[in-house]
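>>> Quick one: sequence plus predicted model below, questions after.
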Amino acid sequence: MPQNFAHTMSAARSWTQMKQISRAAEYMRMSTEHQQYSIANQSSAIREYASANALEIIRTFVDAGKSGLDLKHRPALQSLLQTVVSGAADFSILLVFDVSRWGRFQDVDESAYYEYTLRRAGVRVIYCSEPFRDSDSPIDSVMKTLKRVMAAEYSRELSAKVSQGQRRIAQLGYRLGGVSGFGLRRMAIDPNGSRRTVLPDGAQKAIKTDRVTLVNGPKQERGVVKDIFTLFADQGFGEKRIARHLNERGVRTRAGNRWSGVVIHRMLTNPKYAGDLAYCRTATTMGSPPVDNARENWVYVPNRFPPLIPRALWDRAQDRFEARRTRCDDDVMLGRLKALLRKHGRLSYGLIDGEPGMPSAQTYLKRFGSIAEAYRRVGWKAGTRGIKTVNRTDVRAQRLALDAAVTARIAGAMSQFIKNPASPVWTINGELTLEAALIVPTVLEKRKIFWRYQRRSRPGAKASAGDVLVIARLNVGLDAIQDYYVFVGSCPATIKIFEENAWALDLHRFSDLSFVEMICGTVRVSEMGAGYE
């Protein structure tokens with residue numbers, strides 16, 4: 001980025017901070033911890049600090065009942081970061097009660113990074129109840145780091161204690177967490193084992209010393225559960241085929257939804273239907289995604305609940321799963337896939353999972369690296385399934401429309417710029433370059449759509465993008481631009497954008513081209529003439 005542009009940005013930021021020095025926002029978070037961290041208590045302390053320091057609080061961001069372990073489940077903090085990074089913040093100070101309210105991130109660098117992101121955009125973070133508050137001295141920097149480590153360690157210790165306590169309760173044969181499942185109901189019992197009442201889904205026991213067990217649900221649901229196991233264990237139905245069978249009969253899940261193969265699979269592998277308690281079948285640590293736990297790490301209590309199916313039927317169902325898991329060599333797997341292709345004339349996840357005697361689609365994916373590679377080996381090429389075939393004429397028309405729209409925005413804000421019609425780069429005021437790229441959608445198996453930007457070298461030009469890179473996403477119909485992603489300075493050579501993305505990527509997202517005027521507003525006017533080459 002040109003040096004004079006950096007100086008211009010720095011001067012503009014300093015002027016903005018001077019103008020808004022008395023304007024502040026507050027961020028508060030409460031999970032299920034102590035009363036001292038209630039939203040009301042945090043707000044009172046923050047506003048007391050603001051009053052003593054002549055600060056006016058004009059914006060409030062609150063994450064109530066949210067864990068501080070990650071950013072994913074904290075919409076208010078995401079909104080705060082996006083507001084500041086996009087340049088829409090009308091405040092220059094953010095007040096937070098203490099370091100733990102900012103977050104108990106397990107990687108303390110992550111906590112520091114979010115604070116640095118705000119500071120880089122011109123917003124200072126002040127911790128109102130901490131001794132360092134807003135100092136950059138070496139000793140205060142060390143103190144702040146220690147506080148972040150302490151906040152992370154507190155969560156780790158608390159998580160370990162909670163996990164140990166839950167395992168002890170499960171070892172006694174009591175149910176912990178989650179809904180009861182189809183055909184079953186949760187029952188609150190007193191310390192002596194006497195039944196109290198059936199708990200609706202989502203309801204908690206009223207008395208702390210009570211425990212929860214499982215009891216049989218309505219007769220109709222119990223019959224459906226037995227049918228599911230019988231179809232799978234004795235009649236060779238696959239999970240997807242069982243789901244279709246139930247949907248055709250008009251049977252619905254507890255939530256009133258249609259059945260799916262995934263739901264059927266979960267039922268067929270859950271020991272509670274045979275009357276056994278199996279706790280900790282999956283494990284999650286400090287907010288990480290759940291992973292399958294090794295069988296020896298489960299808490300398993302047999303014959304704890306009234307069974308919905310006979311033990312022999314449960315064993316036959318598990319024997320079939322074991323037979324499906326038996327390793328076939330590549331030739332056998334591909335031979336079965338070829339036979340399925342001859343039978344249906346096409347292949348899909350649903351056909352593979354629904355065919356008796358076939359390894360699952362997931363097994364093919366793991367064996368051959370991708371489902372597309374397995375298809376290729378048997379001579380089947382999956383289509384784009386739903387995305388209009390890309391026509392170069394359509395894309396070119398949208399490319400020209402994008403160039404015209406960006407040019408109009410720049411012309412409306414600046415009188416000095418150059419645009420070569422053969423190049424995707426605008427030079428604004430002789431010091432800032434803006435490059436616009438248009439990307440089209442691609443679809444993967446299971447209809448997962450993504451857009452890929454790949455930086456390419458242009459003849460006679462540098463390989464990197466301009467000072468500002470604008471990536472425009474063409475919609476699935478290829479008839480309009482869906483949105484824009486804007487990157488300033490360096491960015492990855494390859495960027496993959498999905499329909500749902502991590503917050504760090506979507507911070508760069510804009511719904512229209514209004515950001516062009518904002519970018520032009522940072523460029524100092526010079527004596528250079530305007531026009532086109």
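Done, it's in.
>>> Now do the domain split for the chain, please.
Following automatic domain parsing, one finds the domains of the chain at 13-155, 184-323, 327-377, 392-532.
>>> any chance of these in a markdown table, plus mean pLDDT and distance to Val162?
In short, each C-beta sits where N, CA and C put it, glycine included. Shown next, in a markdown table, are the domains of the chain (pLDDT from 0 to 100; distance: least, CB to CB, whole Å):
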| stretch | mean pLDDT | distance to Val162 |
| --- | --- | --- |
| domain 13-155 | 81 | 10 |
| domain 184-323 | 86 | 11 |
| domain 327-377 | 82 | 32 |
| domain 392-532 | 78 | 27 |
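>>> Put together a markdown table for those, with distance to Leu172 and mean neighbour count on each row.
Below are the domains of the chain laid out as a markdown table (distance: least, CB to CB, whole Å; neighbours: other CB atoms under 10 Å):
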| stretch | distance to Leu172 | mean neighbour count |
| --- | --- | --- |
| domain 13-155 | 24 | 17 |
| domain 184-323 | 8 | 15 |
| domain 327-377 | 35 | 16 |
| domain 392-532 | 41 | 16 |
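>>> May I see those domains organised as CSV, with distance to Tyr174 added?
Below are the domains of the chain laid out as CSV (distance: least, CB to CB, whole Å):
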stretch, distance to Tyr174
domain 13-155, 21
domain 184-323, 4
domain 327-377, 33
domain 392-532, 37
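>>> All the strands of the stretch 101-250 of the chain, in order from the start?
Here the stretch 101-250 of the chain has its strands, by DSSP state E, counting those that start in this stretch, at 124-127, 184-189, 195-199, 211-216.
>>> Put together a markdown table for those strands, with distance to His344 on each row.
A markdown table is the format used below for those (distance: least, CB to CB, whole Å):
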| stretch | distance to His344 |
| --- | --- |
| strand 124-127 | 59 |
| strand 184-189 | 37 |
| strand 195-199 | 46 |
| strand 211-216 | 40 |
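>>> Can you check which of those strands gets nearest to Val395?
With respect to Val395, and counting by CB to CB, the nearest of the strands of the stretch 101-250 of the chain is strand 124-127 at 43.8 Å.
>>> For Lys272, see how far away the closest residue to Val215 other than its chain neighbours is.
Spatial nearest neighbour of Val215, chain neighbours left out: Met187 (4.6 Å); criterion: CB to CB, 6 or more residues apart in numbering. Per CB to CB, to the nearest Å, Met187 is found 13 Å from Lys272.
>>> anything in contact with each of these two?
Residues touching both Met187 and Lys272 (CB atoms under 8 Å, 6 or more residues apart in numbering): Leu214.
>>> OK, contacts around Thr145?
Contact analysis of Thr145 by CB under 8 Å, 6+ apart lists 108, 112.
>>> oh sorry, the question was meant for Arg304
Here Arg304 is in contact with 173, 213, 275-277 (criterion: CB under 8 Å, 6+ apart).
>>> circling back to that earlier point, quick check, the residue nearest to Val215 in contact with Val212.
Yes - between Met187 and Val212 there is a contact under CB atoms under 8 Å: 6.9 Å.
>>> Mutual contacts of those two, please.
By CB under 8 Å, 6+ apart, the residues touching both Met187 and Val212 are Leu199.
>>> what's the distance between the spatially closest residue to Asn475 that is not a sequence neighbour and Ala397?
Of all residues not flanking Asn475 in the chain, Gln482 sits nearest, at 4.3 Å (CB to CB, 6+ apart). Using CB to CB, Gln482 is found at 16 Å from Ala397.
>>> Now do the SS call for Val62.
Of the three states, Val62 takes strand under DSSP: H, G, I helix; E, B strand; the rest coil.
>>> which residues does the closest residue to it other than its chain neighbours contact?
Counting by CB to CB, 6+ apart, the nearest residue to Val62 once its immediate chain neighbours are dropped is Met28, at 5.0 Å. By CB under 8 Å, 6+ apart, the contact set of Met28 is 39, 42-43, 46, 60-63, 96-97, 101.
>>> of those, closest to Val488?
Top of the list for closeness to Val488, among those and by CB to CB, is Phe61 at 24.0 Å.
>>> In contact with the closest one, which residues?
Neighbouring residues of Phe61 by CB under 8 Å, 6+ apart: 25-28, 76-77, 79-80.
>>> Check Gly173 too.
So Gly173 contacts 213, 277, 301, 304 (CB under 8 Å, 6+ apart).
>>> picking that back up, and which of the contacts of Met28 is nearest Arg320?
Nearest to Arg320 among the contacts of Met28, counting by CB to CB, is Asp63 at 46.0 Å.
>>> So what sits opposite that closest one in the bridge?
Per DSSP bridges, the residues bridged to Asp63 are Arg29.
>>> ok, it touching Asp70?
No - using CB under 8 Å, Asp63 is not in contact with Asp70; the gap is 11.5 Å.
>>> any idea how far the nearest residue to Val149 once chain neighbours are set aside is from Val99?
Distance criterion CB to CB, 6+ apart; nearest residue to Val149, sequence neighbours excluded, is Val108 at 5.6 Å. Going from Val108 to Val99 by CB to CB gives 10 Å.
>>> follow-up on the earlier one: for the contacts of Met28, which one is nearest Gly412?
Each of those was scored against Gly412 by CB to CB, and Phe61 proved nearest at 32.7 Å.
>>> So that closest one versus Leu246, what's the distance?
Per CB to CB, Phe61 is found 45 Å from Leu246.
>>> now swap in Asp315 and tell me
23 Å.
>>> now swap in Glu221 and tell me
Using CB to CB, Glu221 is found at 12 Å from Leu246.
>>> Looking at this protein, which helix is longest?
When the chain is parsed with DSSP state H, its longest helix is helix 138-171.
>>> In strands, which of the contacts of Phe61 fall?
Those of these mapping onto strands are 25-28, per DSSP state E.
>>> and of those, the nearest to Ala339?
Of all the ones in strands among the contacts of Phe61, Tyr27 has the smallest distance to Ala339: 59.7 Å, by CB to CB.
>>> Once you drop chain neighbours, what's closest to the closest one?
Phe61 (4.7 Å).
>>> Contact partners for the nearest residue to Arg59 once chain neighbours are set aside?
Sequence neighbours aside, Ala25 is the residue nearest to Arg59 in space, at 3.8 Å (criterion: CB to CB, 6+ apart). Residues in contact with Ala25, defined by CB under 8 Å, 6+ apart, are 57-61, 80, 89, 91, 93-95.
>>> Now with 7 Å, please.
Taking CB atoms under 7 Å, 6 or more residues apart in numbering, we find Ala25 in contact with 57-61, 91, 94.
>>> Now flag whichever of those residues is closest to Ser370.
Distance to Ser370, by CB to CB, is smallest for Phe61 among these, at 41.6 Å.
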